[in-house]
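S.K.: Take a look and give me a structure for this.
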Amino acid sequence: MARWEYRAYGAKGEVVSGRVTADSQQDAFSSLERLGLVPIDLKPLIRRTSRSLFAFSSGSPQKNLLFVRQLSTLTGAGVSMIRAVGSLAELQSEEADRKKILAIGEALRQGQSFSDALRQFMPTLPAYVPYLVEVGEATGEMTSALTSAAVQLERDLAQARDIKSALSYPMFLVAFGIAAVSFMFAVVVPQFSSMLEKSDAQLPAISYYVITIGNGLRAHSTEVMLGIALIVALIVLLSRQPKAAAAMFQAVLSLPGIGRVVRLNESSRWASMLAILLTSRVTITDAILVANRIVKDGRLRTSLAQVETALRRGSRLSDALEDFTNIDLRVVEMVRIGEQSGGLDKMLSSAAELLRDEAEASRKRFMALIEPMAVLLIGASIGTIVVGLMLAISSLYDKVL
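M.R.: Here you go, the predicted structure:
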């Protein structure tokens, strides 16, 4: 379990603070509410550690989730939106965040709608958040809209964590393998090459290439290290550019194993978002328009655009999904049952759960396969180097005899 630091309104309206233990942020909120507290600030208790270059930076999405979740809690407790926004602004530790929230409060006082203020002053929020807020403004169910937005934001964060988890271990194995092979080439091989240089023995092809690569790496070790550092820096910089990040995401989708996990998660997010919108009484055509915007998979987004067009022409969602997408047929049947029973939102929510479970199962299968494959590949590489060196020594021995 994780530890969380909180600030909350007590029974008499006073601000109290403390720590609570919970599995997730949502569980921490529930624990505080059971204690009769209204949370206004909740963050994980983080130990001071040095951050790696590849540390997962999720500050902005987590801030978005916390902001929406806090607003949902405060408005659900009967606090007015203007007062809730003002309270959150006072609790911000970073000046830039405080100014943004204060600007939202000022816009509300001037008569601007909350959804428009979010679009103007918090552009990092996913597009569905202000849209759900707009629905809440129209229906008078703002707390429900904010809760739904927070649920989807939490699912987005969970997907990001799943992708990171699925990629981090293979990346570690690849890095370890490259380091081990590089060590053999740069340190071990040159020790043998100095001995072989004094002999004119005819080396086997594999020995010749092993020794040549080893000598080259040792002679140009500085250039090689700089090249690797530049490649890593370039990848980090490109990942912060929207177009480059989208291209990298598409590249991940084409990878065996992990690509299926990401595609299933994308389909799950879409189904979950559509279910939330339909539960909020948004029309099916408007709901699918918004849900399609959160999809990052370009191929799936193109297919769903065709589904949207078919719906506007009078087709049923189940038929359009079957005709234009490769979504699991079990999901299509669940949608068809939902259309027939009048519970489409519930069936879509169940379909999203089904896809999430399938993604998790696929991730576990991928992780179970990648370790022996990586060990085999690393072993084969090191074995090739060792065989090359042994053959070289054997050739030198034959020459002496």
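
S.K.: Residue 90 and residue 267: what is the separation?
M.R.: Separation of residue 90 from residue 267 (C-beta to C-beta, to the nearest Å) stands at 41 Å. Glycine gets a C-beta too; all of them are placed from N, C-alpha and C.

S.K.: Between these two, which has more neighbouring residues?
M.R.: Neighbour totals were compared for residue 90 and residue 267, and residue 267 leads with 26 against 12 (other C-beta atoms under 10 Å).

S.K.: What distance do you get for the more buried one to residue 366?
M.R.: Distance, residue 267 to residue 366, by C-beta to C-beta: 17 Å.

S.K.: try residue 340
M.R.: Residue 340 sits 36 Å away from residue 366, going by C-beta to C-beta.

S.K.: the more surrounded of those two?
M.R.: A direct count of neighbours by other C-beta under 10 Å for residue 340 and residue 366 places residue 366 higher, at 19 against 12.

S.K.: so the more buried one makes contact with residue 261?
M.R.: Yes - contact status for residue 366 versus residue 261: in contact at 6.5 Å, counting by C-beta atoms under 8 Å.

S.K.: residue ranges with poor pLDDT in the stretch 1-150 of the chain?
M.R.: Under the criterion pLDDT under 70, the flagged ranges of the stretch 1-150 of the chain are 1-2, 12-13, 45-59.

S.K.: All the helices of it, residue numbers only.
M.R.: 25-34, 59-76, 81-90, 95-109, 114-121, 128-139, 142-183 (DSSP state H, counting those that start in this stretch).

S.K.: got CSV for the ones you listed, with distance to residue 297 too?
M.R.: Formatted as CSV, the helices of the stretch 1-150 of the chain follow (distance: least, C-beta to C-beta, whole Å):
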stretch, distance to residue 297
helix 25-34, 27
helix 59-76, 19
helix 81-90, 34
helix 95-109, 30
helix 114-121, 25
helix 128-139, 16
helix 142-183, 12
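
S.K.: of those helices, which approaches residue 345 most closely?
M.R.: Closest approach to residue 345 among these is made by helix 142-183 (11.0 Å; C-beta to C-beta).

S.K.: Now find how far off-centre that closest one is within its chain.
M.R.: Mean-position distance between helix 142-183 and its chain equals 4 Å (C-alpha atoms, centre = their mean, to the nearest Å).

S.K.: per the record, what domains does the chain have?
M.R.: 2-156, 157-401 (automatic domain parsing).

S.K.: Can you tell me how far the residue nearest to residue 115 when sequence neighbours are not counted is from residue 146?
M.R.: Residue nearest to residue 115 in three dimensions, not counting chain neighbours: residue 134, with 3.9 Å by C-beta to C-beta, 6 or more residues apart in numbering. The gap separating residue 134 from residue 146 is 12 Å, by C-beta to C-beta.

S.K.: quick one, which of those two is more surrounded?
M.R.: residue 146 (27 against 18).

S.K.: quick one, what contacts residue 115?
M.R.: With contact set as C-beta atoms under 8 Å, 6 or more residues apart in numbering, residue 115 has these partners: 130, 131, 133, 134, 137.

S.K.: Among the residues you listed, which one has the most neighbours?
M.R.: Compared across the contacts of residue 115, residue 133 has the highest neighbour count, 26 neighbours, by other C-beta under 10 Å.

S.K.: That one touches residue 149, doesn't it?
M.R.: Yes - contact criterion C-beta under 8 Å: residue 133 and residue 149 qualify, at 7.0 Å.

S.K.: among the helices of the stretch 1-150 of the chain, which is nearest residue 209?
M.R.: The nearest among these, by C-beta to C-beta, is helix 142-183 at 13.5 Å.

S.K.: what's downstream of the helix or strand encompassing residue 300, the next helix or strand?
M.R.: In this structure, residue 300 sits in helix 298-312 according to DSSP states H and E. Later in the chain than helix 298-312, the nearest helix or strand by DSSP H and E is helix 317-324.

S.K.: Which stretches in the stretch 251-400 of the chain count as helices?
M.R.: Along the stretch 251-400 of the chain, counting by DSSP H, counting those that start in this stretch, helices occupy 258-279, 284-293, 298-312, 317-324, 329-341, 344-400.

S.K.: Of these, which stretch is the most buried?
M.R.: Neighbour counts (mean count of other C-beta atoms under 10 Å) averaged over each of these peak at helix 258-279, with a mean of 24.

S.K.: low pLDDT regions in the stretch 201-350 of the chain?
M.R.: Along the stretch 201-350 of the chain, the parts satisfying pLDDT under 70 run over 201.

S.K.: before we move on, back to that, minimum distance to residue 320: which of the helices of the stretch 1-150 of the chain has it?
M.R.: Nearest of the helices of the stretch 1-150 of the chain to residue 320, taken as C-beta to C-beta: helix 128-139 at 20.7 Å.

S.K.: Quote the end-to-end distance of stretch 283-300.
M.R.: 22 Å (C-alpha to C-alpha, to the nearest Å).

S.K.: chain center to it: distance?
M.R.: Per C-alpha atoms, centre = their mean, the centroid offset for stretch 283-300 relative to its chain is 19 Å.

S.K.: Need the residues that contact that stretch.
M.R.: Under the contact criterion C-beta under 8 Å, 6+ apart, stretch 283-300 has outside partners 126-128, 131, 156, 246, 249-250, 253, 262-263, 266-267, 269-270, 273-274, 277-278, 282, 301, 304-305, 307-308, 311-312, 317, 325, 344.

S.K.: The residue lying closest to residue 69 once chain neighbours are set aside: what's it in contact with?
M.R.: Leaving aside its sequence neighbours, residue 69 sits nearest to residue 150 (C-beta to C-beta, 6+ apart; 4.5 Å). Applying C-beta under 8 Å, 6+ apart to residue 150 gives the contacts 65, 68, 69, 72.

S.K.: That concludes my questions; thank you for your assistance.
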